[in-house]
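sequence-free structure coming up:
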């Protein structure tokens, strides 16, 4: 991820926490979020509380990121 490294280069020497996007930056931490339970909760709420039967999903799949794909799969499974 050269572009990301360049963008964050001004933070060299400071701790950086990345959520869902691994980096090769020094002094950085990375955590991955599991969307499965969140989407189950969202779909259940929309269905049971609001009576929704058709729920749309806008995604960033065109950029082909692993995070977008994971969110879409979690949505479909929910």
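The structure has been received and is ready for your questions. All values reported here derive from a predicted model rather than from experimental measurement.

is it true that residue 22 touches residue 30?
Yes. Counting by Cβ atoms under 8 Å, residue 22 does reach residue 30; the two are 4.8 Å apart. (C-beta placed from N, C-alpha, C; glycine too.)

Remind me which helix or strand residue 39 belongs to.
If you go by DSSP states H and E, residue 39 is part of helix 36-48.

Equivalent analysis for residue 18, please.
Assignment of secondary structure by DSSP H and E places residue 18 within strand 16-19.

go on, residue 5?
helix 2-8.

Report the buried residues of that helix.
Counting neighbours by 16 or more other Cβ atoms under 10 Å, one finds that the buried residues in helix 2-8 are residue 8.

ok, residues contacting that helix?
Outside helix 2-8, the residues within contact range by Cβ atoms under 8 Å, 6 or more residues apart in numbering are 16, 21, 23, 24, 25.

Apply 10 Å and report the result again.
Helix 2-8 is contacted by residues 1, 12, 14, 16, 18, 21, 22, 23, 24, 25, 26, 28 when judged by Cβ atoms under 10 Å, 6 or more residues apart in numbering.

Make sure the third one is actually in contact with residue 27.
Yes. Between residue 14 and residue 27 there is a contact at 6.9 Å, judged by Cβ atoms under 10 Å.

Tell me the buried residues in the helix holding residue 39?
In terms of neighbour count (16+ other Cβ under 10 Å), helix 36-48 has its buried residues at 39, 43.
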